[in-house]
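>>> the sequence and its predicted three-dimensional model are supplied below.
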Amino acid sequence: KKKKKKKGRHSDDETLPGKQATTFADLELELIPIVQSAVGLETLWCAVDVNHNGKLSLAEISKMVVDRFDLLNHRPALMRAYEHTTQKDGDGDPWVEIEEFPYLLVNLHIFNKLFQTFDIQDPKEKRPIDLEDFKAKISTLGMNLADADADKEFETISEGKPEAAFDDFAVWYSKQSNFGFGQHAAEMSEDLKARAKARRIMKKAISRRSSLRQSRKSSRGGSRKSTRSTRSSRGSGVAFPVLPSSPFDKLDIELSAIVRNVDLLEQLWDTIDCNGNDKVSLAEVDKMVVQRYALLDNKPALMRAYQQTTLKDGDGDDWVELHEFSQLLLNIFYFNKLFHCFDVIDNDNDRRLDVSEFKASLKKLGMSLSDADADTEFASMDANGGGVVLFDEFCVWYTKKHDPDRDIITSAESLQARKRAKKAMKRRRLLAKKVSRGPDDAVPDFEFGQFDALEGELMAVAKDCDRLEELWDAVDLNGNRKVSLAEIDKVVVQRYPQLDNKPALMRAYQQTTLKDGGDGDAWVEVKEFPQLLLNLFYFNKLFQCFAVIDKDDDRRLDVQEFHTSLKKLGMSLSKKDSAKEFESMDANGGGVVLFDEFCVWYTHKHEPGREIVTSAEVLKARKKAKHKAKKRATASKKAQKKERDDTPDFSTKKFDKLEAEILGAARDVDELEALWDIVDCNGNGKVSLAEIDKLATQRYPLLNSAPALMRA
C-alpha cells in the first residue's frame, strides 16, 4: 500500500503546472492561466501557504519552487525575486502577502531567466557592465534595440557613468519585459486584495457571530434544567436579553455556508449585481431578498442592515461593494432576528414599545427584573426620552448588551447621510446644467439619457404583473389598497433617489389622480399605479430640462433665460419669435413661467392631444376636497349628542401617547433639529403651512385636522 501511495503521489507531481516545462517560453504558457485567474492564484496560494497565516516566508516559496517549478529552482534568482517582490513591489515587510503573490510569480520568471542565461551565482553580484557588454546581453535576451536607443537606455541605467551594476540592469530588464502574464499582475493583485479583504471581514463577522452564540448558549444553559439552575443562581435581577427561538436557523445554516465560501459568495454577488457595475443598491438587495429569501423580507430590518453595512461597517458611500457583501448578509440576518424579537414583544403591532409592553415581555426576553429595574432599563433604551422605543433604539440597546464595542447606526446618523446625498444630488444637477444637446429646430428636443437604465428597470416592472404587485406592496405600507403622496415620496427617497425631485413628484401624482385615467380622488389605486410610474419618469425628465435652463435656480423662467437656453432645448428662434413662444408658455401672463406651465407647453409641442393638469385644476380639486371635508365635519357634529353642563369637559386621552412622544422630541435639541430639517424641505430656514401639513399627514395622522392645523 505504501509503495502504491508513493507511486500515486509521484504521478500527481508530474502533472503539476510548470513541472514538465523545459524552457521559459513553455513555463510562461503554463503560468498564464493561473495568473490571469483570481481563482487559479488563490488555489496555488492555498497550496503554498502551508500554515495558513496569510503570509509566505522564503522557506515556503523555496518549497513551492522545488515541488512545482523545476526550471525556477535557482537559489540566487529566488533570493533576488523575493527581495524585489517584498521591497519594491510590496509593502517592505519580510513576507509575501496574497496581493503580492502575482508579482512574485512574475519576478521569479524574470530573474531566473536572467540569472540562468548569464550563469549568475550570487544574488548580490556587483560585477559592472559597460556599454558593449550591455548591448551583448540585450541581444542574447532577444531584445532588438537600435544603437542610439541602446546608448540612451544604458545612460539611464548607469546614470551617466561608464559602467552599471548588474543589479541595476536586472531591475531595468524587469521593467522592459512584457511577458504574457506579467501585464496582468497589477490587475490580479487588486482583485486578490479585494477578495482577501472580503475574507478578513467575513472571518471577523463569523468570529463575532460565534462568540455571540457562545454567550447566548452560556446565558441560556445547555438544557432546561441548566437554564433554571442558572436563573436561580443569578437571583431576581437578570438584565441580559436573549433572543427567543426564531425560524431563521435553517436559513442561517444555508447562508453561513455561502458566506464562508468565496466562490459561492461571488456567484450570489453576480446574481444581485444586475447591471454589473460592481455596486449594489438598496433596490437590488431588496429584489434579492424578495425573490430568494422571503423570510428576511422585513423592510425595517433590511433598511437598518443596509445602512449599517454602508455607513458603519463599510466605507460610508451609498452602495455596497464586493468587499462589504459578506457583512451585508450577516447584517440582514442580525437585524431580521432583532426585528423578529421586537415584533414578538410589540403586542399592539404599532412598531413602538412602551414601558408596559417591555415589562410584560421580560420573560420572552429571558430577563428577570423588578419594576424599578425595568423602568431604569427602559429609560436607558429610550434614547430620546420620548416615552416609546422605536426599532432603531431597540437595536442599539440589544447590541450594547451583547457586543458593547460594536457601533450601531442611529436615526440621526441616517438623517445626516440623507442630507449629504441631497447635497451631492444638487451638485450633480448643477453640472447637468452645463450639458447642451439636441438638433436645432422649432420644437424643444432635450436628451434624457441619464434616466435610461432606471427607466428600463421600472418599465420591466410595469409590464410584469407579479413584480408590479411586489412593488405595490412595498409602497402600500398600511395595506389599505390606496397609496398617498407621502407613501410614494417615501419609496422614491428610499429606492429611487434619482427621481427624488418634489415638484416632479407632485406633478406626476396630480396628473395620475386627476387626468390620466384617474378617478379624481386624492389617492392612487392599484389600477392607476402603472400610469403613476410612467408619469414619475416623464415629469422628472421635464424637471431636469427645466432645471438646466433655470440659471438662477429660483424655479421660474423669465424671457431672458428662455432665449439664452434655446440651443440647450434644441431650438432655433429669433429674439422676436422666442418672445412670442415665451408668451404662449406663460399661461397666466405673470411674466414668468413656472414648472407646471413649462410641462403644459412642452407636452403640447410633442403630444398635442394629451392634457396636462394645470395649477387651476389642482386648486379646484383642493377646494372640492375641502368642501367634502367640511360636509363630513358638519355631519359628524350633528351625530355627536352629549349632555351639557356649564363647564366644557372633553376626554382627550387618545392624544396622551403621541403627546408624550412629541414633548420628548421638543426637549431634545438634536431631535428637534432633525425634525425641523425634515419639515423644511427647501432648506430656506422657514416653514410654510403646506410643509407643516405634509409633516402632519406623513408622521402624525392623529393631528391631521385642517381647522386645528390652521388655528395652530
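Right, received. Where do you want to start? Because the structure is a prediction, the values reported are computed rather than measured. Numbering: from 1, shown residues only.

>>> can you report phi and psi for G591?
phi 90, psi -10 (degrees, to the nearest 10).

>>> residues touching the host helix or strand of D489, excluding its own?
D489 belongs to helix 485-495 when assigned by DSSP states H and E. Here helix 485-495 makes contact (Cβ atoms under 8 Å, 6 or more residues apart in numbering) with 282-283, 286, 303, 418, 474-477, 499-500, 502, 505-506, 509, 524, 532, 536, 694, 697-698. In this view, the C-beta of every residue, glycine as well, is placed from N, C-alpha and C.

>>> in helices, which of the residues you listed fall?
Using DSSP state H, 282-283, 286, 303, 418, 474-475, 502, 505-506, 509, 532, 536, 694, 697-698 are the members of those that sit in helices.

>>> show me which of those residues is closest to S57.
L282 (44.2 Å; Cβ to Cβ).

>>> can you count the residues close to that closest one?
Neighbour count for L282, taken as other Cβ atoms under 10 Å: 20.

>>> from R495, how far out is it?
Plainly put, L282 is 6 Å away from R495 if you go by Cβ to Cβ, to the nearest Å.

>>> ok, back up a step: are any of the ones in helices among the contacts of helix 485-495 buried, and which?
Buried members of the ones in helices among the contacts of helix 485-495, scored by 16 or more other Cβ atoms under 10 Å, are 282-283, 286, 303, 418, 474-475, 505-506, 509, 532, 536, 694, 698.

>>> give me the nearest residue to L282, chain neighbours excluded.
Leaving aside its sequence neighbours, L282 sits nearest to Y306 (Cβ to Cβ, 6 or more residues apart in numbering; 5.2 Å).

>>> same deal with T564?
That would be K551: by Cβ to Cβ, 6+ apart, it lies 7.7 Å from T564.

>>> all strands of this protein, in order?
128-129, 164-165 (DSSP state E).

>>> out of those, deepest packed?
Of all these, strand 164-165 carries the top mean neighbour count, a mean of 19, counting by mean count of other Cβ atoms under 10 Å.

>>> who does that strand touch, helix- and strand-wise?
strand 128-129, helix 147-158 (3 or more Cβ pairs under 8 Å, 6 or more residues apart in numbering; DSSP states H and E).

>>> now render the ones you listed as CSV, adding mean pLDDT.
Formatted as CSV, these follow (pLDDT from 0 to 100):
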stretch, mean pLDDT
strand 128-129, 82
helix 147-158, 86
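
>>> dump these to CSV, plus distance to A257.
Conversion of the helices and strands packed on strand 164-165 to CSV gives the following (distance: least, Cβ to Cβ, whole Å):
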stretch, distance to A257
strand 128-129, 57
helix 147-158, 54
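
>>> among those, which is the most enclosed?
strand 128-129 (a mean of 16).

>>> next one: it to chain centre, how far?
56 Å (Cα atoms, centre = their mean, to the nearest Å).

>>> what lines up beside it in the sheet?
Applying DSSP bridges, strand 128-129 is found paired with strand 164-165 (antiparallel).

>>> tell me, how many residues neighbour G589?
6.

>>> contacts only, for it.
By Cβ under 8 Å, 6+ apart, G589 has no neighbours at all.

>>> quick one, phi psi at it?
phi 60, psi 30.

>>> can you pull the pLDDT of it?
We note a pLDDT of 86 for G589 in this prediction.

>>> not counting sequence-adjacent ones, nearest residue to the residue nearest the centre of the chain?
Nearest to the mean C-alpha position of the chain, counting by Cα atoms, centre = their mean, stands W319 at 2.2 Å. For W319, ignoring the flanking residues on the chain, the nearest one in space by Cβ to Cβ, 6+ apart is K279 at 3.9 Å.

>>> run through the residues that contact the one you found.
D273, W319, V320, E321.

>>> for F111, same thing?
A77, L78, R80, A81, H84, A170, S174.

>>> same thing with G683?
By Cβ under 8 Å, 6+ apart, the neighbours of G683 are D677.

>>> separation between it and F169?
Look at G683 and F169: by Cβ to Cβ, they are 64 Å apart.

>>> what's the answer for G664, then?
Taking Cβ to Cβ, one finds G664 at 76 Å from F169.

>>> equivalent analysis for G385, please.
Distance from G385 to F169, by Cβ to Cβ: 74 Å.

>>> who's more crowded, these two?
Taking neighbours as other Cβ under 10 Å, G385 and F169 compare with F169 leading, 22 against 14.

>>> surely that one meets I157?
Yes. F169 is within contact range of I157, at 6.1 Å (criterion: Cβ atoms under 8 Å).

>>> what is in contact with the two at once?
Contact criterion Cβ under 8 Å, 6+ apart; residues shared by F169 and I157: F134.

>>> now the helix holding D489: buried residues?
Residues of helix 485-495 classed as buried by neighbour count (16+ other Cβ under 10 Å): L485, E487, I488, D489, V491, V492, Q494, R495.

>>> quick check, pLDDT for Q450.
Q450 is given a pLDDT of 68.

>>> let me redo that: V396
Predicted confidence (pLDDT) for V396: 90.

>>> equivalent analysis for K400, please.
87.

>>> can you give me the neighbour number for K624?
Neighbours of K624 using other Cβ under 10 Å come to 12.

>>> separation between it and K364?
For K624, the distance to K364 (Cβ to Cβ) stands at 50 Å.

>>> then L131?
From L131 to K364 the distance is 86 Å (Cβ to Cβ).

>>> do V687 as well
V687 is 42 Å from K364, by Cβ to Cβ.

>>> now for the strands of the chain, which one comes closest to K88?
strand 164-165 (15.5 Å).

>>> could I get the average pLDDT for the closest one?
80.

>>> rewinding a little: residues in contact with the residue nearest to L282?
Residues in contact with Y306 (Cβ under 8 Å, 6+ apart) are L282, V285, V320, L328, N331.

>>> and the pLDDT for the closest residue to the second one other than its chain neighbours?
This points to V285. Nearest non-adjacent residue to V285, counting by Cβ to Cβ, 6+ apart: Y306, 6.1 Å away. With respect to pLDDT, Y306 scores 90.

>>> and for G366?
So G366 comes in at 82 (pLDDT).

>>> residues near it, how many?
So G366, with other Cβ under 10 Å, has 17 neighbours.

>>> please tell me how far it sits from C274.
G366 is 42 Å from C274, by Cβ to Cβ.

>>> cool, Y509 as well?
For Y509, the distance to C274 - Cβ to Cβ - is 28 Å.

>>> still on that earlier bit, quick check, nearest of the contacts of F111 to I258?
The nearest one, if we look at the contacts of F111 relative to I258 and count by Cβ to Cβ, is A81, at 37.2 Å.

>>> burial of that closest one, as a residue count?
For A81, using other Cβ under 10 Å, the count is 28.

>>> model confidence for it, exactly?
Looking at A81, the pLDDT reads 84.

>>> please report how far the residue nearest to it when sequence neighbours are not counted lies from L56.
Excluding the flanking residues, the one nearest A81 by Cβ to Cβ, 6+ apart is N107, at 3.9 Å. Taking Cβ to Cβ as the measure, N107 falls 13 Å from L56.

>>> over to C274?
Distance from C274 to L56, by Cβ to Cβ: 38 Å.

>>> and these two? which has more neighbours close in?
A direct count of neighbours by other Cβ under 10 Å for C274 and L56 places L56 higher, at 25 against 15.

>>> who does the more buried one bridge with?
V96.

>>> ok, it - contacts?
W45, V48, D49, W95, V96, E97, F101, L104.

>>> test my guess that the residue nearest to the centre of the chain contacts S281.
Yes. Between W319 and S281 there is a contact under Cβ under 8 Å: 6.4 Å.

>>> how far does stretch 686-706 stretch from start to finish?
Length of stretch 686-706, first residue to last, Cα to Cα, to the nearest Å: 20 Å.

>>> what does it rub up against?
484-486, 489-490, 626, 629, 654-655, 658, 662, 676, 678-681, 709-710.
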